[in-house]
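Engineer: Build me a structure from this.
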Amino acid sequence: MILDPIELLDILGNENRRRILQLLSFRPFYFNEMAKRLDVGPKAVIDHLEMLEKAGLVECYQVQGRRKYFRIAQKTVLEVAVSPNSYGVRSYRSEDVPRSDEEEAQAPGVAQNSAEDMKRLRKELSDLEEKRKEMRRLLEEIESREMEVKQLAVGTAQGFAEDQLESEILVALLSGRARSSDLAMRLEVPEIVVIDRLRRLEKRGAIQLRGQEWNI
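Structural biologist: Numbering: from 1, shown residues only. Purely as a prediction, here's the structure:
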């Protein structure tokens, strides 16, 4: 389960919760150890961990009956896109990576490898970083083109609309289908007014109603 992106953004807005996640990115910790490292009270750390666990960002486990450890549950990506014509927040996860019994036993510490193993792993990390940079470059190209298309779409919507509210409704629907109630909440306009504009746009062939959702 993954929280709504906006709720996830609120959770990560707390500095101590971000510090906990940063600490857990190195290795698993038990809560008292985290409290000492972060100089935060144990009760506060427990409260933060409960919230992060509820959000599915961290999980706890025990190794052979020892103290309870916490670790990052799985990779979670939170994206925030802000442009002159749009605002969006989305989150997604990678597939769960199964952990072997051996990995569970070694989780609290770091395995000691030979020098050659370390060199090989460092080389692999370097290669992965280069691939990450290439992905960022491609994402920048996609985002740049996406902004151009959105600007063209917004201009088209404004040219087609008969008033400002119609224009805002069309721009909102560019992001995908929506119910009239959702549009009213997003635009902070009474739903009855939104429904009136939706019907006008429908008559002019700009949008259509499928089930309970409106779509361009």
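
Engineer: per-residue confidence for Glu102?
Structural biologist: Looking at Glu102, its pLDDT reads 43.

Engineer: can you check Ala172 too?
Structural biologist: 88.

Engineer: Check which helix or strand Glu59 maps to.
Structural biologist: Assigned by DSSP states H and E, Glu59 falls within strand 58-62.

Engineer: elements contacting that strand?
Structural biologist: helix 15-24, helix 42-54, strand 68-72 (3 or more C-beta pairs under 8 Å, 6 or more residues apart in numbering; DSSP states H and E). Where C-beta positions appear, they are placed from N, C-alpha and C, glycine not excepted.

Engineer: can you list the residues that contact the helix or strand harbouring Ile6?
Structural biologist: Assessed by DSSP H and E, Ile6 sits inside helix 5-11. Applying C-beta atoms under 8 Å, 6 or more residues apart in numbering, the external contacts of helix 5-11 come out as 2-3, 17, 51-52, 55, 57, 76, 78, 80, 89-91.

Engineer: Pick out the lowest-pLDDT one from those residues.
Structural biologist: Ile2 (58).

Engineer: Name the nearest residue to Asn14, sequence neighbours excluded.
Structural biologist: His48 (7.2 Å; C-beta to C-beta, 6 or more residues apart in numbering).

Engineer: now the contacts of helix 5-11 as CSV including distance to Pro190 and neighbour count?
Structural biologist: Converted to CSV, the contacts of helix 5-11 look like this (distance: C-beta to C-beta, whole Å; neighbours: other C-beta atoms under 10 Å):
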residue, distance to Pro190, neighbour count
Ile2, 32, 15
Leu3, 29, 16
Arg17, 37, 20
Met51, 35, 15
Leu52, 38, 22
Ala55, 34, 20
Leu57, 38, 22
Thr76, 37, 18
Leu78, 33, 14
Val80, 29, 11
Val89, 26, 15
Arg90, 28, 12
Ser91, 31, 18
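
Engineer: ok, back up a step: ok now the helix holding Ile6, how far from the chain's centre?
Structural biologist: Mean C-alpha position of helix 5-11 versus that of the full chain (C-alpha atoms, centre = their mean, to the nearest Å) differs by 8 Å.

Engineer: neighbours around Pro28, how many?
Structural biologist: 21 (other C-beta atoms under 10 Å).
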